[in-house]
Every structure is written in C-alpha cells, then in structure tokens.
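Q: fold the following, please.
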Amino acid sequence: MVLILALLSTFSIVAHDPETGEWGIAVASKVPFVGQMVPWAKAGAGAVATQARTNLFYGPEGLRLLEEGRSAEETIALLTMADSLAEHRQIGVVDSRGNSASFTGGETLDWAGGVSGPGYAVQGNILTGPEVISAMEQAFISHPGDVLAFRLLEALKAGEDAGGDSRGKQSAAILVVRENSGHDGNSDIIVDLRVSDNPEAVTELRRLYLHWWEPLYMNDLYDGARGNAILSRMSLREYEEAWMKNAVAWSMAMADLDLDRALAIALEADALEPDNPSIMDTVAEILFRLGRSEEAAEWGARALDLAPEDTYLQNQLARFRRTVEPES
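A: Have a look, this model is predicted:
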C-alpha cells in the first residue's frame, strides 16, 4: 500500500439515509482545506471519512472495497491491516446497506474517539472531550425526518457548540451523493460545499448550504411522488430567510403541491418582509390556485402598488380579476 500522509485533526460524521438512497459526510477542523482530504462518497456504495494522521489512500480504496460489497467493518479492517501507521489513523465508514463502523488508532492524539449506530458513524481527534462526539450523535438522531444534508449540518454545529477541535476553527465541508441526483441527472453529487479558511467555517458552511438548497430541491417538487417525499422531509429550520420561504412556497405553488402549506410558508415570508411585492405575488398565486380569486386580486393589487411599472404584476392582477369579474 502506498501511504499518502497528511496531519489532519478534525471531527466528522458519515451517514446513510435508506429512504432517499443518500450517503454523506460533514466535517470541520482547525486545519485548512479539510474538504479536500477527509470526505469520500460514492452513490450506491457508501461513504468514508479519513482523518487524524490522514491516509488519503483510504478514501478511493475504501470506496472500491465498499463497491465490491464489503461491509463497513470489513473495509476498515482491510484498510488498516496493511498500514504500518494504522494506530495514528482515524476512519469512519458507512456501507451500501447502512452498516457503520468507526476506528480510532491507539496513537491518535487526545481527545480522540468515535461512535457508530444504524446508518451513521461519528469520530474526532484533538477534541475538547468526548462530549463533542456525544453532541453530534444526539443532534443527528434527533432529526430523523429531515433531509440528510441538514441532519449532517446539525450534527456538525452541535459538535462545534460542544467544544469541537480543541485548537480552534478554520475549515468545514459537506458532501452528499445520490444516484443521478446532480444537475440534470448528469452526476450523483447533491451537495459538495467547502469552506477552506474561515474563522467561523461551520456557520459559513450552513449559510452556503441554505443558498445551495433552494435550487437543489426545487426541481424535485415537480416530480409527483418524489416531490411529496421531499416535501414531507422539509423542515422549516431549513429555510429561515424570507427569500427562501418565498422560493419554496412559489415552487410548491407551481407544482400544485400542498397549497395550504405553501400558503402558510408564503405568509411567513410576508411577515418577515411585509413590503416585498415578489412575496405578495406568491401569496396571490397560491390563493388563486386555491380558488380564492378575490383575495388573490387583493394581494396582487398590493404588490402592484409597490411596483406599478412591473408588467408581470400587471398581467397577474388582470388574470386574478378576470376570475372575480368575468368579461361580459
């Protein structure tokens, strides 16, 4: 085995969602560029986090073993058995069936350790203490209905809040894969975001994810059963800003998907930005699709008052009013 070494101390979680067929990793560290070294995942095969005195060979070789059908435990055993520096390594693996395992070598720097459970493995080294791992595990299992990426980010944030890397904060990353889930179905990568050098890397990673999230799942809402499945797993925590609530509500409206919930989300957006004509138009559109044309016209008129030269809003209001006052 060729050993490729990098001193990388960090905390991470690897996980699998059997309902959506997703595998993912989230990781943070005081070391810069953690996203270029720790996370590895392949749709249909599994996920690997390689860290501590990092052996980058563990990433591609681990995925190859997982693709062959090896279990998480077998993969770790095969990777470490031929590695003379295995006692300095740390690795977390989730396989194609969701089996998980975590390995921490005896020479890994304190505090170091890990835990694994159904569909997840959490591990870290040079941490403030075991409470980091415990907090990450609890955060992950506390949100079983949310999409995998958000659960991973919640775990990462919990680990940081519990103390995280004892040396400080600098980089973070998240990688999530699902077959044919990338742009136009041309890749398996759902999320691949990295913050390489930032004093609040985990916070910045979450901000980037929230901006990435809107185009990521909106297309899924138009796909019948898939749309309903995604919608059922959406948590309002995932779209806290007005523009995101508006984007979700509008996409739900265009897909005629759970319009009552879409209206509630749009009204939340309006409460955050009460003078935003785009949000008012979303409320109007949903009301119109619910058969409440008179209310739709009222909201459309309010939006147009704020942007009287907007031809789109003019056409929208005329459309709503035609239903309330049919042409003779």
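
Q: show me the contacts for the closest residue to residue 313 other than its chain neighbours.
A: Nearest non-adjacent residue to residue 313, counting by C-beta to C-beta, 6 or more residues apart in numbering: residue 304, 4.7 Å away. (Each C-beta comes from the backbone N, C-alpha and C, glycine too.) Residue 304 makes contacts with 277, 310, 313, 314, 316, 317, as judged by C-beta atoms under 8 Å, 6 or more residues apart in numbering.

Q: state the distance from residue 304 to residue 247.
A: For residue 304, the distance to residue 247 equals 21 Å [C-beta to C-beta, to the nearest Å].

Q: return the distance of the helix or strand hosting the residue nearest to residue 313 from the chain's centre.
A: Secondary structure from DSSP states H and E places residue 304 in helix 293-306. The chain centroid and the centroid of helix 293-306 are separated by 36 Å, computed with C-alpha atoms, centre = their mean, to the nearest Å.

Q: quick one: mean pLDDT for that helix?
A: Taken as a whole, helix 293-306 carries a mean pLDDT of 96.

Q: the domain parsing of this protein - what is it?
A: The chain breaks down into these domains under automatic domain parsing: 5-199, 239-324.

Q: least trustworthy helix or strand in this structure by mean pLDDT?
A: Sorting the helices and strands of the chain by mean pLDDT, DSSP states H and E puts strand 5-8 at the bottom, at a mean of 50.

Q: C-terminal to that one, what's the next element?
A: Toward the C-terminus, strand 5-8 is succeeded by strand 10-17 as the next helix or strand (DSSP H and E).

Q: using CSV, write down the CA coordinates of that following strand.
A: The C-alpha trace of strand 10-17 is given here as CSV (Å, rounded to 0.1, in the frame of the first residue of the first chain):
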residue,chain,number,x,y,z
THR,A,10,-10.9,17.0,13.0
PHE,A,11,-14.4,15.9,13.8
SER,A,12,-16.8,14.3,11.3
ILE,A,13,-19.9,12.3,10.7
VAL,A,14,-20.6,9.9,7.8
ALA,A,15,-24.2,8.7,7.3
HIS,A,16,-26.7,7.0,5.1
ASP,A,17,-30.4,7.7,4.5
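
Q: strand partners of it, parallel vs antiparallel please.
A: Strand 10-17 has these partner strands in its sheet, going by DSSP bridges: strand 22-29 (antiparallel), strand 120-124 (antiparallel).

Q: still on that earlier bit, which of the contacts of residue 304 count as buried?
A: 277, 310, 313, 316, 317 (16 or more other C-beta atoms under 10 Å).
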